[in-house]
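>>> starting from these lines, generate the structure:
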Amino acid sequence: MSKRSIMTTVSALLVAAATLTAAAPAGAAPASATPAARGALTDVRIADHFDLSAGQTPENVTLLPDGTADVTFAAAHQVAQITPGGRTRILATLPAPADGGVHTPVLGFALTTGIVRTPDGTLYVLYATGTADLTGLWQIRPGHTPQRIAALPATGLPNGLALDQNSKQLYITDSVLGTVWTVPTTGGTPTAWSTAPELASTGFLGANGAKVHNGALWVTNLDKGTLLRIPIDTRNRAGAPQVRASGLVGLDDFAFTGRGDQVLAALNGPNQVVLIQPDGTSTTVLDASDGLQGPTSIALHGNDVDVFSAAYTTATDPNLLRAHLRGSRL
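This is a model prediction of the structure:
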């Protein structure tokens, strides 16, 4: 992909994200940050910068045991590895669709989205292209060419990806079709695991980030600004979604802090990171003054916090912000 094509792609992302921000209803933002709330994160700093003109818009992240981050660069449809010292290495570039991705639903460009990693180093990555030959779940094994192992509807937008290590099941959110798909790590035909109305969009993107935690799949809805908990029963069937937090329009990906159901979450359009308590209350702990540029994903290594910003709404300095979460993990 040429630099001109990448910048056209990024521009399309900016327009879409700006539309989302403008459409957010009044009063939907989280509580303003207070000194006590900001004190939850210390040692806040920008640790790395990425090349917007090369499509290095970090969308999602999975961590290695040493804190190294494997990241999807959405606009470049790449997977990169970023060491704790800040060295970036491209692991894979997925094949570009013949039409350039113009038929990708809602966004109009091809993009890599969710990513997870298994202990043997295998990566699973979602790719949305609007074409039947490429849209789906891809497997990247060390030393091997990336391979699509599960096709997903070209009319959808696979976005969030979560792994249940015990059952070896992957859960995939579709932000356009309002569906959670499940597929084993060996690949195959996906099963529509949940199509609950809580997953649907209100015109832009619905079900988004996803994590397996304490016997449930947790999912964000970007349009509705909700954090959902969907129980997983012993037969891998979906229970009824429970709204655990609301009023957070632009809610993208998130990470559990290791303190029960407490969550750090990225609000893309509002350009904030919020700390969500188990009772659903939230406080802003990071914003533009800290260097955020439209945060998309968060990862924790112990009490060290990585926040990736793709600059979709700012068109300036996609970056990695690092901070320290105060207190002890449970």
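>>> the closest residue in space to residue 214 that isn't next to it in sequence and residue 137: what is the separation?
Excluding the flanking residues, the one nearest residue 214 by CB to CB, 6 or more residues apart in numbering is residue 261, at 7.4 Å. Every residue, glycine included, has its C-beta placed from N, CA and C. From residue 261 across to residue 137, the span is 28 Å (CB to CB, to the nearest Å).
>>> need the three-state assignment for residue 99.
Recorded secondary structure, residue 99: coil (DSSP: H, G, I helix; E, B strand; the rest coil).
>>> more crowded one of residue 261 and residue 137?
residue 137 (25 against 19; other CB atoms under 10 Å).
>>> how much space separates the more buried one from residue 43?
Look at residue 137 and residue 43: by CB to CB, they are 36 Å apart.
>>> check contacts around the residue nearest to residue 214.
Shown in contact with residue 261 (CB atoms under 8 Å, 6 or more residues apart in numbering): 213, 214, 244, 278.
>>> select from these the one having the most neighbours.
With neighbours taken as other CB under 10 Å, the top of these is residue 244, carrying 18 neighbours.
>>> just confirm that one contacts residue 221, I think it does.
No. Contact criterion CB atoms under 8 Å: residue 244 and residue 221 do not qualify, at 11.5 Å.
>>> shared neighbours, those two?
Residues touching both residue 244 and residue 221 (CB under 8 Å, 6+ apart) are residue 228.
>>> beta partners of residue 255?
Bridge pairing for residue 255 (DSSP bridges) gives the partners residue 264.
>>> could I get the buried residue list for stretch 141-151?
For stretch 141-151, the neighbour count (16 or more other CB atoms under 10 Å) marks 146, 148, 149, 150, 151 as buried.
>>> likewise for stretch 253-272?
In terms of neighbour count (16+ other CB under 10 Å), stretch 253-272 has its buried residues at 253-257, 261-272.
>>> before we move on, what about stretch 167-186?
So, applying 16+ other CB under 10 Å, buried residues of stretch 167-186: 169-183, 185.
>>> please apply the same query to stretch 209-224.
Counting neighbours by 16+ other CB under 10 Å, one finds that the buried residues in stretch 209-224 are 209-212, 216-224.
>>> circling back to that earlier point, which of the buried residues of stretch 141-151 fall in helices?
The members of those all map outside helices under DSSP state H.
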